[in-house]
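Engineer: Kindly return the folded structure for what I paste below:
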Amino acid sequence: AHGLEKGGLTPFGKQVVARLQEKSMLVDLAHASPKVIDDVLAMTKRPVLVSHTGVQGTCPGPRNLSDRHIQAIAATGGVMGIGYFEGAVCGLSTEAIVKAIRYTANLVGVQHVALGSDFDGATSTAFDTTGLVRITQGLLEAGFSEGDVAAIMGGNVLRLLQAQLPTP
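Structural biologist: Model (predicted):
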């Protein structure tokens, strides 16, 4: 998403994605350019993940997903984790995070939305994991049911991992 050419997959990249699919590994499209997303979606036979992202509908940005990509990722059965950082939601407030989650859920359904914290130290966030209660409360206040909140707070990712990753 941040490269100069923002090109698609190279022939080697296509081989890697095909091999990941054969090995039942999930492809994470975080940091991918729109063209890479298109290329992966054109060849995937399995759900894809976007571990931490934002959405263009609430926050324009080079890494944030267009409505078309949100819908295509959901069509694979995939899940998108909404980030807590400025570039993902155009703010650091709970309200900005909840707004992006609500937008995505309204577009494709709650089952395709998750948290995408990106708590790796490379980004600034308004809170650490002890502040997740703020998102829980914000989601409830925004009208999400307790079941929806449980799905967003981890259930959707757990479901995806349990269904898609190989078992020993």
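
Engineer: Just give the closest residue to A142, not the sequence neighbours.
Structural biologist: V98 (5.1 Å; Cβ to Cβ, 6 or more residues apart in numbering). Any C-beta I mention is one placed from the backbone N, CA and C, and that applies to glycine too.

Engineer: ok, and for stretch 95-107, which residues are buried?
Structural biologist: By 16 or more other Cβ atoms under 10 Å, the buried positions in stretch 95-107 come out as A96, I97, V98, K99, A100, I101, R102, Y103, T104, A105, L107.

Engineer: doesn't V55 make contact with the fourth one?
Structural biologist: Yep, that's K99 we're talking about. No. Using Cβ atoms under 8 Å, K99 is not in contact with V55; the gap is 9.5 Å.

Engineer: where along this structure do the helices fall?
Structural biologist: Using DSSP state H, the helices of the chain run over 11-22, 34-43, 67-75, 86-89, 94-108, 132-141, 146-150, 156-164.

Engineer: just to revisit the earlier point, the residue nearest to A142 and A72, how far apart?
Structural biologist: Distance, V98 to A72, by Cβ to Cβ, to the nearest Å: 24 Å.

Engineer: again, but for L132
Structural biologist: Distance from L132 to A72, by Cβ to Cβ: 29 Å.

Engineer: Between the two, tell me which one has more neighbours.
Structural biologist: Just comparing L132 and A72: by other Cβ atoms under 10 Å the higher neighbour count belongs to A72, 20 against 15.

Engineer: for the chain, what are the low-confidence residue spans?
Structural biologist: Residues of the chain meeting the criterion pLDDT under 70: 1-6, 118-124.

Engineer: Can you give me the neighbour number for R159?
Structural biologist: Around R159 there are 15 residues (other Cβ under 10 Å).

Engineer: for the one 5 residues further on, same thing?
Structural biologist: Neighbour count for Q164, taken as other Cβ under 10 Å: 16.

Engineer: shouldn't it be in contact with P47?
Structural biologist: Yes. Between Q164 and P47 a contact is recorded at 6.0 Å, counting by Cβ under 8 Å.

Engineer: Mutual contacts of those two, please.
Structural biologist: By Cβ atoms under 8 Å, 6 or more residues apart in numbering, Q164 and P47 have these common neighbours: L26.

Engineer: Could I get the contacting residues of A114?
Structural biologist: V79, M80, G81, I82, I152, G154, N156, V157 are the contacts of A114 under Cβ under 8 Å, 6+ apart.

Engineer: For it, list each beta-bridge partner.
Structural biologist: Under DSSP bridges, the beta-bridge partners of A114 are G81.
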